[in-house]
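[1] structure for this input, please:
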Amino acid sequence: MVPVVPVARVALVARVAEVRGGGGGDGWGSARRGASVHGVTRYVALLRAVNLGATRRVSMPRLREVLAERGYGAVRTHMASGNVLLESSLPEAELAADLTAAIAERFALDVPVVVRTAEELAGVLAADPLGHVATDPARYSVTFYAQPLDPERVAALPPTEGWQYVPRGREVYVWRPDGVESDRRTERTWAQLLGTAGTNRNWNTVRKLVELTR
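    Model (predicted):
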């Protein structure tokens, strides 16, 4: 039996084949600070909930190979938590969808991916709305969401004793002076209440990713 491929998927594959990569590039030199140069944009892709346990393992060296084979330029990763730097001509939403598809095909995992341009990520770092109270970067984090947050849903988030958080655009900055042990549970709860999945990175990781894009 010949499998039936949805028309939308065919269109996405065709679009990806046309404009996915940055022609290899030379590191991050072919696109500056997230801006499009000859149609190529520098992106940081954040994979949600990988390598946290034995059942959701994604090898970063293998992932780099997969994405390079798929045509993406200047592919690098940082740490094992799913931080990918690459160059692409795809729009953000199509890039996120294609990365999720690539991981599903090669690793048999359903992994949501949140994407930011290098310039957007630098803006997240520069905003730093809780920098005046966050004294430990390991307990200061940002949850990145794929879609802009609904102010009414944000206002309905339950109070969390001892925590401070500031929503801004598609991110929520969180200062947890008592530690980060309940991150995963709270992340799932917030995703349900906000109506969109997010992925969390601590301030050290955000700062390093911005550094790597320069």
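
[2] from here on, contacts and neighbour counts on C-alpha atoms
    OK.

[3] looking at the chain, which helix or strand is least sure?
    helix 7-19 (a mean of 41; mean pLDDT, DSSP states H and E).

[4] centroid-nearest residue for the protein?
    Against the mean C-alpha coordinate of the chain, by Cα atoms, centre = their mean, the closest residue is residue 46 at 2.3 Å.

[5] what about that residue, distance to residue 126?
    With the distance defined as Cα to Cα, to the nearest Å, residue 46 ends up 19 Å from residue 126.

[6] repeat that for residue 172.
    Counting by Cα to Cα, the gap from residue 172 to residue 126 is 14 Å.

[7] cool, and residue 78?
    Taken as Cα to Cα, the span from residue 78 to residue 126 is 20 Å.

[8] these two: who's more crowded?
    residue 78 (14 against 11; other Cα atoms under 10 Å).

[9] can you pull the phi and psi angles for that one?
    Dihedral pair for residue 78: phi -130, psi 120, per degrees, to the nearest 10.

[10] again with the one 4 residues further on
    As for residue 82, its main-chain torsions (degrees, to the nearest 10) stand at phi 90, psi 50.

[11] what residues are up against it?
    45-48, 50-51, 60 (Cα atoms under 8 Å, 6 or more residues apart in numbering).

[12] just checking, what packs against the lengthiest helix in the chain?
    If you go by DSSP state H, the chain has its longest helix at helix 92-107. Packing partners of helix 92-107 (3 or more Cα pairs under 8 Å, 6 or more residues apart in numbering; DSSP states H and E): helix 7-19, helix 60-69, strand 113-117.

[13] in that helix, what counts as buried?
    By neighbour count on 16 or more other Cα atoms under 10 Å, the buried set for helix 92-107 is 92, 94-103, 107.

[14] and for stretch 191-202?
    Those buried within stretch 191-202 under the rule 16+ other Cα under 10 Å are 194, 197-202.

[15] could you find the closest non-adjacent residue to residue 156?
    When the adjacent residues along the chain are set aside, residue 156 lies closest to residue 193, with 8.0 Å between them (Cα to Cα, 6 or more residues apart in numbering).

[16] what ranges do the helices span in the chain?
    7-19, 60-69, 92-107, 118-127, 151-155, 183-194, 203-213.

[17] let me know the average pLDDT across stretch 119-137.
    For stretch 119-137, mean pLDDT rounds to 97.

[18] from the chain's centre, how far out does that stretch sit?
    17 Å (Cα atoms, centre = their mean, to the nearest Å).

[19] same check on stretch 123-142?
    On Cα atoms, centre = their mean, the centre of stretch 123-142 falls 18 Å from that of its chain.

[20] what comes up buried for it?
    For stretch 123-142, by 16+ other Cα under 10 Å, it's 124-125, 129-130, 134, 136-142.
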